[in-house]
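> Just to be clear, the model below is a prediction. Sequence and coordinates:
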There are 2 protein chains.
Amino acid sequence: MKARVHVTLKPGVLDPQGKAIEHALDTLGFSGVEEARQGKLIELDLAESDPERARAQVEEMCRKLLANTVIENYAIELEA
Amino acid sequence: MKARVHVTLKPGVLDPQGKAIEHALDTLGFSGVEEARQGKLIELDLAESDPERARAQVEEMCRKLLANTVIENYAIELEA
């Protein structure tokens, strides 16, 4: 079973990478970008095939390693 | 209009960050992870409100800046 984890900075946390993207896009002539934020996408290939247990495992991985929950949010998507 | 861009390494391209995640998860006792790959998630807030034009703009941003199309794939999701 495959899982995708989106890790994004919480609103209000400074995002220098996002700001750099905003400025670069502006320099390239894309003037209609009001905000850019950059996060991480982690794709996992799991041996577990039960969706409920897989989600519980990935939740624990996020809390223990993949996300810094002080400044980051995470969202989990499972694919069969 | 909001757009989310997923930038992922093409299959076959070496992903040291993904390998580091795999090993770290294994060390933490998560033995059921067969593969981990890390990509980027870019969230854009666009002034454009027409979905078709917004998608075309974001496609161009991906080709010009956000993704290195030699080694990376990108996928665009629009939200109203």
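It's in.

> got the phi/psi numbers for residue A:79?
Main-chain torsions, residue A:79, degrees, to the nearest 10: phi -120, psi 140.

> neighbours of residue A:28, just the number please.
12 (other CB atoms under 10 Å in any protein chain shown). Any C-beta I mention is one placed from the backbone N, CA and C, and that applies to glycine too.

> can you pull the contacts of it?
Neighbouring residues of residue A:28 by CB atoms under 8 Å, 6 or more residues apart in numbering or on different chains: B:61, B:64, B:65.

> Confirm for me that the last one is in contact with residue A:25.
Yes. Counting by CB atoms under 8 Å, residue A:25 is a contact partner of residue B:65 at 6.4 Å.

> Compare neighbour counts for the two and give me the winner.
Ranked by neighbour count (other CB under 10 Å), residue B:65 and residue A:25 place residue A:25 first, with 20 against 15.

> so that one touches residue A:36, yeah?
Yes. Using CB under 8 Å, residue A:25 is in contact with residue A:36, at 6.8 Å.

> how far is stretch A:18-32 from where the chain is centred?
Stretch A:18-32 has its average C-alpha position 21 Å from the chain's average C-alpha position, going by CA atoms, centre = their mean, to the nearest Å.

> mean confidence score for it?
Mean pLDDT, stretch A:18-32: 97.

> Identify each buried residue in the longest strand along chain A, please.
Across chain A, the strand with the greatest residue count (assigned by DSSP state E) is strand A:33-46. Applying a neighbour-count criterion of 16 or more other CB atoms under 10 Å in any protein chain shown, one finds A:33, A:36, A:37, A:38, A:39, A:40, A:41, A:42, A:43, A:44, A:46 buried in strand A:33-46.
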